[in-house]
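S.K.: below: sequence and its predicted model.
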Amino acid sequence: MERTINQITYEIIQELYGHGNPNKAVLASIRSAASMTSPRAQKVWPIMMDKLEKSMLSKNGQPTHAETAIYAALRLYAIHQQSSRDAFVYGSSGRDASADGLTFFQALANLRRNSDTREALDRRVQALFGTTNVNSVINSMTHLIDILKATNPTQKIDYPKLANDLYWFQKSYQDATQTRLKWGQQYYQFIKPTTEGEKK
């Protein structure tokens, strides 16, 4: 049985983090390379190609849906991890009951509680929701992760789940529509602000 996008992304992130001894050279190369076809992305190729299932690998030099999705999630993780130093910014309740990882859009939803920045954040997210081009979506997410890490650098995000979403976003128009709806539900459902003393 083939491993899933979730599982593979999880394994790569764990290897990159290295139990608190991050592979700084590879993480830096990922941060500086917008796509896996960039020469600067080649440092992560040995790890990615070793982990991906054969059916997920490109046969013509054009990145597959799986390669595009996993690389994008790894790059967002690398950008986010840069600001957190010792904290591990990946968490998944599916693998570790003690982890407090949110989906990418749930983390943004927490920022949306701040009425001072909500309008500007909404404009950025709505622009993302309005496109069907995966490269535009990934580019928008890169700007949004900068906002997230500046506001809450140690927030744990489930990057393997994000990779899986990006994979399905590319499969068909219907899959992209369903993925955007799921993201919208995650983003807008947390609008109720917390009061002092209330657990977030």
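M.R.: In hand now; what should we look at? Predicted, not measured: the structure shown is a model, and the values here were computed from it.
S.K.: going forward, measure contacts and count neighbours with C-alpha atoms only.
M.R.: Will do.
S.K.: low pLDDT regions in this protein?
M.R.: Along the chain, segments meeting pLDDT under 70 span 1-2, 85-86, 92-100, 190-200.
S.K.: those helices in it, which residues are they?
M.R.: Taking DSSP state H to define them, one finds helices in the chain at 5-17, 24-31, 45-51, 65-82, 104-112, 115-129, 134-151, 159-169, 173-188.
S.K.: what would those helices look like in TSV with mean neighbour count and distance to Val89?
M.R.: Converted to TSV, these look like this (neighbours: other CA atoms under 10 Å; distance: least, CA to CA, whole Å):
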stretch	mean neighbour count	distance to Val89
helix 5-17	19	10
helix 24-31	18	13
helix 45-51	14	20
helix 65-82	23	6
helix 104-112	21	12
helix 115-129	14	21
helix 134-151	17	10
helix 159-169	23	9
helix 173-188	16	19
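S.K.: among those helices, which is nearest Pro39?
M.R.: For the helices of the chain, the distance to Pro39 is smallest for helix 24-31, at 9.1 Å, taking CA to CA.
S.K.: what helices and strands are in contact with that closest one?
M.R.: helix 65-82 (3 or more CA pairs under 8 Å, 6 or more residues apart in numbering; DSSP states H and E).
S.K.: quick one, the helix it packs on and helix 24-31 angle?
M.R.: Calculated by axes from the mean of the first three to the mean of the last three CA atoms, to 10 degrees, helix 65-82 forms an angle of 120 degrees with helix 24-31.
S.K.: with just CA atoms, put helix 65-82 into PDB.
M.R.: Taking C-alpha atoms only, helix 65-82 is exported to PDB below (Å, rounded to 0.1, in the frame of the first residue of the first chain):
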ATOM      1  CA  HIS A  65       0.700  17.300  -8.200                       C
ATOM      2  CA  ALA A  66       2.300  15.400  -5.300                       C
ATOM      3  CA  GLU A  67       5.700  17.000  -5.800                       C
ATOM      4  CA  THR A  68       4.300  20.500  -6.100                       C
ATOM      5  CA  ALA A  69       2.100  20.100  -3.000                       C
ATOM      6  CA  ILE A  70       4.700  18.500  -0.800                       C
ATOM      7  CA  TYR A  71       7.400  21.000  -1.800                       C
ATOM      8  CA  ALA A  72       5.100  23.900  -1.200                       C
ATOM      9  CA  ALA A  73       4.200  22.700   2.300                       C
ATOM     10  CA  LEU A  74       7.900  22.100   3.100                       C
ATOM     11  CA  ARG A  75       8.800  25.600   2.000                       C
ATOM     12  CA  LEU A  76       6.100  27.100   4.100                       C
ATOM     13  CA  TYR A  77       7.300  25.000   7.100                       C
ATOM     14  CA  ALA A  78      10.900  26.200   6.400                       C
ATOM     15  CA  ILE A  79       9.800  29.800   6.300                       C
ATOM     16  CA  HIS A  80       7.800  29.400   9.500                       C
ATOM     17  CA  GLN A  81      10.500  27.400  11.300                       C
ATOM     18  CA  GLN A  82      13.100  30.100  10.700                       C
END
